[in-house]
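> sequence first, then the predicted structure:
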Amino acid sequence: MLALAALVLVFAQGCESIPAGSSQSPRVRTDQGQHWMPVPTSARVYPSTRFIKEAGRSILEARFELYDEMGDPVKYAGTFQIELFSVDESLGNTPRRLLYTWDAGLMSLDEQQEHYDPITRGYLFRLGVDDLKIARQTTLLKVVFTPVDRARLEAESEVRSDW
């Protein structure tokens, strides 16, 4: 029983196992209480973001990814501010006029489940657009993600139309 208690104590301290016959002494973890947690450090507009036509309506399927410091997709609580601009190609593709603004929260489990797509490992927002002509012109989508207790992240991309 005493041997079992000693074994539990060794594992509780976070010691590494040492191969038999090794002269190394065990290293004790010094970062107890300090754990790495995946948090978003960058954002990206997913390449499949596009306008679609559905039942005569124009919809912007906006997809976004959040990445942690290792470059892996991550979920996180926060808010998205999404802006769609018209682009003037004669001025070097610079944004010209704000067309739409949407705000979307990802604060609750229900909101996460509604928008997170496990296949693409990103977020999907289906945003209504009332003018079908917008989908036929060059537009720029800008997104600002404001995570809870973290600095905001920004990304932008041109939006394509499949029709």
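Now that the structure is in, tell me what you want to look at. Computed from a prediction, not measured in an experiment: that's the story for all the values here.
> look at the residue positioned nearest the centre of the chain and tell me its secondary structure.
Most central in the chain under Cα atoms, centre = their mean is residue 66, positioned 2.0 Å from the mean C-alpha point. Three-state call for residue 66 (DSSP: H, G, I helix; E, B strand; the rest coil): strand.
> and it, what's its pLDDT?
Here, the pLDDT recorded for residue 66 equals 97.
> does the nearest residue to it once chain neighbours are set aside count as helix, strand or coil?
Closest residue to residue 66 apart from its sequence neighbours, by Cβ to Cβ, 6 or more residues apart in numbering: residue 40 at 3.9 Å. Heads up, the C-betas are built off the backbone N, CA and C, glycines and all. Of the three states, residue 40 takes coil under three-state DSSP.
> now for residue 40: which residues touch it?
By Cβ atoms under 8 Å, 6 or more residues apart in numbering, the contact list for residue 40 reads 66, 67, 68, 74, 76, 78, 145, 147, 150, 153.
> rewinding a little: shouldn't the residue nearest to the centre of the chain be in contact with residue 77?
No: using Cβ atoms under 8 Å, residue 66 is not in contact with residue 77; the gap is 10.8 Å.
> residue boundaries of the helices in the chain?
In the chain, the helices defined using DSSP state H lie at 2-12, 109-115.
> which of those helices has the lowest average pLDDT?
helix 2-12 (a mean of 49).
> so what's the nearest residue to residue 128 once chain neighbours are set aside bridging to?
Counting by Cβ to Cβ, 6+ apart, residue 128 lies nearest to residue 59, which is 6.1 Å off, once chain neighbours are set aside. Per DSSP bridges, the residues bridged to residue 59 are residue 52, residue 128.
> next: the one 5 residues further on.
For residue 64, the beta-bridge partners under DSSP bridges are residue 45, residue 123.
> contacts only, for it.
Residue 64 touches 43, 44, 45, 46, 80, 122, 123, 125, 143, 145, 155, counting by Cβ under 8 Å, 6+ apart.
> now render these as TSV, adding neighbour count and pLDDT.
Shown next, in TSV, are the contacts of residue 64 (neighbours: other Cβ atoms under 10 Å; pLDDT from 0 to 100):
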residue	neighbour count	pLDDT
43	21	97
44	18	96
45	21	96
46	19	94
80	21	96
122	22	95
123	25	97
125	18	96
143	24	96
145	23	96
155	17	96
